[in-house]
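**Student:** What would the 3D arrangement of this be:
(one chain, ligands or ions: 2)
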Amino acid sequence: MHEKIPYSLNDVFPDTNLPGKVYLFVSNHYILYKNKDDQIEGERYEKFQMKNMKFIFIDEDEYDEFDAWTIKIKGKDESDVYQHFLDNEVGDKAKLAIDLKENMATYFAFDLDDEQLDNLESQTRELVTAAKENSNLEKALISMENHRRSIVDHSLNVANLTVFLCLNMGYNQITMLETAYLGGLLHDYGKTKINNEILDLSPTSAKYLSAMEKHPILGSTSFMLNSDFSNEVQRIIIEHHERYDGTGFPHRLKGKKIYPLTTIVGMANYFDNLLALDTGHIKERRRRAVRRLELEANRSFEPQMTFKAVGHLRRIFG
Ligand SMILES: [Fe+2]
Ligand SMILES: [Fe+2]
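**Tutor:** Numbers count the residues shown, from 1 in each chain. Ligands and ions are numbered 1, 2, ... in the order given. Model prediction:
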């Protein structure tokens, strides 16, 4: 086993391929957080700084690689760093970069206390292990990543938040959690069937909107014939833009016609999209997103579930 040593967060760069493994020290043990060539997302990096985190941990025998990496990047101007990032991203395409490493415990690592993290880890270990062994899921994540990296990042956020909400809202039976987790991971799979030129258009343009209306159906039909994803998972995919008041799409389902786990994925999706579109400090963005979600009770989402979710989000995100 390798000895772990601290490495200053100031010498680590977000959105840039890492020269070796990075660990976090959580609940008195090291959690493998990133592998070589993975990246620490900007938003996560910002969160580490916000928590006054000074160090990440690395394997002692990889210190030289980290040191050379820091010197190399610090010596360059910003445009070069950006180019470096682009080069690596293209080279990395076929790799399942996320690899489900960002499991529940690392996603919430700095929002929950040690005991809560331990609980979360033990409650979700089975779920994450099963997901890692699901070859259909792996294929789906690779095609999402190859199509557009941001779809995978968003999907993982949504899946993690979904499971957290499920556990807190009483949906803690393993098959339900599995359904919700897979639904969260795959809810936007249909976007891989939409041309990237269209995905790059303004989100208010008619062409973008009409393509977007199709992604729930495109996603669920992709899995109808040749996958072992359950009907419930497919239901979450097709329903995740349906709205409680019947104004959603594609089928304008209303009220109780919407599957409860879809509502949870829908709320997590709504929350993560608001965070991504907003600007400013992550803490403020989260507060605003929670407030906006609360206003959707009775409109977009079933009211009791919305209030419960808002309560739990407030508790961890302040
Ligand atoms: Fe969507
Ligand atoms: Fe989404």
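**Student:** near ligand 2, which residues of the chain?
**Tutor:** For the chain, the residues found near ligand 2 under the criterion CB under 5 Å from the ion are 188, 269. From N, CA and C alone the C-beta is placed, and that goes for glycine too.
**Student:** hang on, isn't Leu201 packed against Tyr208?
**Tutor:** Yes: applying CB atoms under 8 Å, one finds Leu201 in contact with Tyr208, separated by 4.2 Å.
**Student:** burial measure for the residue of the stretch 201-318 of the chain found nearest ligand 2, as a count.
**Tutor:** Closest to ligand 2 within the stretch 201-318 of the chain is Asn269: 4.3 Å, counting by CB to the ion. Asn269 has 22 neighbouring residues, counting by other CB atoms under 10 Å.
**Student:** Which elements pack onto the helix or strand containing it?
**Tutor:** Assigned by DSSP states H and E, Asn269 belongs to helix 260-277. Helix 260-277 makes packing contacts with helix 149-168, helix 174-186, helix 231-239, helix 282-295, helix 303-317 when contacts are defined by 3 or more CB pairs under 8 Å, 6 or more residues apart in numbering; DSSP states H and E.
**Student:** and the angle from it to helix 231-239?
**Tutor:** 40 degrees (axes from the mean of the first three to the mean of the last three CA atoms, to 10 degrees).
**Student:** in helix 260-277, what counts as buried?
**Tutor:** Residues of helix 260-277 classed as buried by neighbour count (16 or more other CB atoms under 10 Å): 261-272, 274-275.
**Student:** and if you look at stretch 296-314?
**Tutor:** 296-297, 300-302, 305-306, 308-310, 312-313.
**Student:** do stretch 274-293 as well
**Tutor:** 274-275, 282, 285-286, 289-290, 293.
**Student:** How about stretch 225-238?
**Tutor:** Quick answer for stretch 225-238 (16+ other CB under 10 Å): 227, 229, 232-238.
**Student:** Let's have these in CSV, adding pLDDT.
**Tutor:** Below are the buried residues of stretch 225-238 laid out as CSV (pLDDT from 0 to 100):
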residue, pLDDT
Ser227, 76
Phe229, 94
Glu232, 96
Val233, 97
Gln234, 96
Arg235, 97
Ile236, 98
Ile237, 98
Ile238, 97
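**Student:** Show the contacting residues for the nearest residue to Leu261 once chain neighbours are set aside.
**Tutor:** Excluding its sequence neighbours, the residue lying closest to Leu261 (CB to CB, 6 or more residues apart in numbering) is Ala180, at 4.8 Å. Residues in contact with Ala180 (CB atoms under 8 Å, 6 or more residues apart in numbering) are 162-163, 166, 171, 236, 261, 264-265.
**Student:** for the protein, what helix or strand is lowest in average pLDDT?
**Tutor:** None of the helices or strands of the chain scores lower by mean pLDDT, DSSP states H and E than helix 78-91, at a mean of 40.
**Student:** and the next element down the chain from that one?
**Tutor:** helix 104-107.
**Student:** other SSEs contacting that next one?
**Tutor:** Looks like helix 104-107 contacts strand 22-26, strand 29-34, helix 114-132, helix 149-168 (3+ CB pairs under 8 Å, 6+ apart).
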